[in-house]
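Peer 1: Just need the structure, nothing else, for what follows:
(one chain, ligands or ions: 1)
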Amino acid sequence: MNDYALTAYLVASVLFILSLKMLGSPRTARKGNVLGAAGMLLAIVVTLLDQRIVSFGYILAGLLAGGAIGLFLAVKVKMTDMPQMVGVLNGFGGGASTLVAFAEYLRLSGDPSLTVWSGGPVGTDVLVTIVLGLLIGTVTFVGSAIAGAKLHGVMKSAPILYPMQKQSNAAMLAAILIMGVFFVLDPSRWYLLIGVIAVSAVLGVTSVIPIGGADMPVVISLMNSYSGLAGARTGLIISNPVLIIAGTLVGTSGIILTDIMCKAMNRSLGNVLFAGVGADYVPTEEATEQRTVIRYTADDIAMMLENAQSVIIVPGYGLAVAQAQHVLHEMARLLIERGATVRYAVHPVAGRMPGHMNVLLAEANVPYELLLEMDQINDDFQSTDVALVIGANDVVNPGARHKKNSPLYGMPILNVDYARTVMVCKRSLNPGFAGEDNELFYDKKTMMVFGDAKATLTSLVQLLKK
Ligand code: NAP
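Peer 2: Residues are numbered from 1 along each chain as shown. The predicted structure follows:
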């Protein structure tokens with residue numbers, strides 16, 4: 001690799017780092033995205049020019065097919081399906097790492113000058129890296145597919161548990177490591193690599209099925225991290241510095257995101273991965289007993305809102321489903337014009353990915369200074385006239401504070417029940433992602449308005465304009 005290529009790789013790596021920094025705020029995220037894409041383009045062009053490409057035909061075909069599928073998905077995929085999309089992309093990253101690791105083994109074994117079998121220039125480090133690349137890449141590929149299927153509802157989302165699950169997973173991991181050691185001792189035993197891939201694929205399934213659908217975004221983020229690690233390993237195998245740096249960046253940012261989600265749910269990663277949360281949850285009698293709620297109309301809540309001095313809006317996943325962000329912004333604008341203080345309270349795991357609500361509201365041009373994080377705004381609910389909950393459920397469920405057997409127990413929530421009046425706009429009394437009944441709906445000061453969030457907000461806008 002010549003100095004020009006190395007310099008270009010360094011520039012691409014700096015662009016990736018700047019991009020990640022800028023993606024941290026909605027203000028700069030678009031620019032960050034462009035910088036990241038520019039870095040990737042630079043890395044691809046330099047790699048194509050620098051390496052000894054055997055045939056550009058396959059590359060061009062892959063570029064056209066992959067580009068077309070990517071464009072189609074980017075345009076078509078719904079915002080609410082984004083976690084599955086990220087899962088699929090991680091899976092492809094893992095699958096690519098497996099293919100590159102195996103291809104590198106084939107290249108080495110097919111080139112007598114490398115004398116791989118007699119411990120020539122190919123060192124133990126490369127062989128170990130190939131084994132780890134196959135293990136991480138395959139677990140990521142299969143695990144991401146299962147996580148995506150659970151999130152998309154193609155597979156049962158409840159945890160699937162069976163006896164000796166953890167022990168059998170540990171045994172599989174041990175078997176992979178033993179096969180890896182025997183392979184490194186004698187790299188002509190190619191069949192051991194096939195064994196590593198096969199057992200890793202089974203491990204990808206068995207390590208993800210015990211995790212409930214509600215925890216899948218955490219798994220997707222963890223798999224994102226694995227795909228980065230697999231990419232970095234691939235970079236080590238083929239001695240490509242930009243792949244090592246980019247893979248490490250993805251690996252570390254994925255683990256940071258995983259940590260953010262676990263903290264926001266007040267759970268450890270071990271609890272998310274191994275506790276099978278949600279499998280044995282049986283709603284309490286209190287939850288199943290027939291309780292009634294009073295049904296209010298848009299007219300009722302419009303009247304209350306007209307007189308409110310302070311309003312905190314709590315957006316949730318239902319806002320994204322209804323695509324009601326623009327009309328919500330319009331309604332907030334009308335309230336502000338009437339002299340009310342209006343702010344938005346964003347829970348770190350509202351929606352299906354961290355930042356989901358921020359992106360949604362930014363799309364509707366809601367000013368950033370009106371968006372407040374849970375810790376910034378939670379103490380203000382008690383001095384607020386109206387907490388207006390739009391399509392949120394789990395993140396405002398007071399049961400998270402005291403129901404010990406609930407899947408939500410321990411998750412910090414937005415204290416909407418401390419506001420003077422609570423208004424909840426959703427279509428039914430159905431539970432949220434965690435499948436847990438919400439006692440907020442039965443609170444005397446809660447006004448339930450049933451219906452699609454967009455339709456309700458549209459009526460509110462018309463009423464407030466009168
Ligand atoms: P949620 O608990 O999933 O509830 C969303 C609510 O939106 C549903 O109860 C649904 O009720 C309502 N809804 C759906 N479509 C609607 C429509 N068209 N109009 C009005 N309402 C509609 O959402 P959340 O409060 O945002 O909580 C997020 C959940 O995801 C939490 O359990 C969290 O732990 C989990 N999670 C999130 C992340 C993350 O990073 N964001 C990560 C891990 C886990 P109806 O069907 O009655 O309308």
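Peer 1: so Thr47 touches Ser239, yeah?
Peer 2: No. Assessed by Cβ atoms under 8 Å, Thr47 is found out of contact with Ser239, at 12.0 Å. Glycine gets a C-beta too; all of them are placed from N, C-alpha and C.
Peer 1: These two: which has the busier surroundings?
Peer 2: When Thr47 and Ser239 are compared for neighbours, Thr47 comes out ahead with 18 against 10, by other Cβ atoms under 10 Å.
Peer 1: do you know how far the more buried one is from the ligand?
Peer 2: 34 Å (Cβ to the nearest ligand atom, to the nearest Å).
Peer 1: can I assume that residue sits in a helix?
Peer 2: Yes. Under DSSP: H, G, I helix; E, B strand; the rest coil, Thr47 sits within a helix.
Peer 1: For Ile238, see how far away it is.
Peer 2: 10 Å (Cβ to Cβ, to the nearest Å).
Peer 1: how many neighbours does Phe381 have?
Peer 2: Phe381, neighbours per other Cβ under 10 Å, totals 20.
Peer 1: scratch that, Asn378
Peer 2: So Asn378, with other Cβ under 10 Å, has 19 neighbours.
Peer 1: Next, the contact list for it, please.
Peer 2: Residues near Asn378 by Cβ atoms under 8 Å, 6 or more residues apart in numbering: 345, 414-415.
Peer 1: Neighbour-wise, give me the winner out of the residues you listed.
Peer 2: Neighbour counts for the contacts of Asn378 (other Cβ under 10 Å) peak at Ala345, which has 29 neighbours.
Peer 1: Regarding that residue, which helix or strand does it belong to?
Peer 2: strand 341-346 (DSSP states H and E).
Peer 1: Could I get the CA-only coordinates of the next helix or strand after that strand as PDB?
Peer 2: Once strand 341-346 ends, the next helix or strand along the chain (criterion: DSSP H and E) is helix 356-363. C-alpha atoms of helix 356-363 as PDB (Å, rounded to 0.1, in the frame of the first residue of the first chain):
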ATOM      1  CA  HIS A 356     -36.300   8.200  17.200                       C
ATOM      2  CA  MET A 357     -38.500  11.100  18.600                       C
ATOM      3  CA  ASN A 358     -35.800  13.700  18.100                       C
ATOM      4  CA  VAL A 359     -35.500  12.800  14.400                       C
ATOM      5  CA  LEU A 360     -39.300  12.700  14.000                       C
ATOM      6  CA  LEU A 361     -39.800  16.100  15.600                       C
ATOM      7  CA  ALA A 362     -36.800  17.700  13.800                       C
ATOM      8  CA  GLU A 363     -38.500  16.600  10.600                       C
END
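Peer 1: residue ranges for the helices of the stretch 201-350 of the chain, please.
Peer 2: Ranges of helices within the stretch 201-350 of the chain are 216-237, 241-264, 269-274, 285-288, 298-307, 317-322, 325-337, based on DSSP state H, counting those that start in this stretch.
Peer 1: Among those helices, which comes closest to the ligand?
Peer 2: Ranking those by proximity to the ligand (Cβ to the nearest ligand atom) places helix 317-322 first, at 2.5 Å.
Peer 1: Distance from the chain centre to that closest one, please.
Peer 2: Helix 317-322 has its average C-alpha position 17 Å from the chain's average C-alpha position, going by Cα atoms, centre = their mean, to the nearest Å.
Peer 1: now swap in stretch 454-466 and tell me
Peer 2: Centroid separation for stretch 454-466 versus its chain: 33 Å, with Cα atoms, centre = their mean.
Peer 1: any idea of the mean pLDDT in the host helix or strand of Val422?
Peer 2: Using DSSP H and E, Val422 sits within strand 421-426. Per-residue pLDDT over strand 421-426 has a mean of 97.
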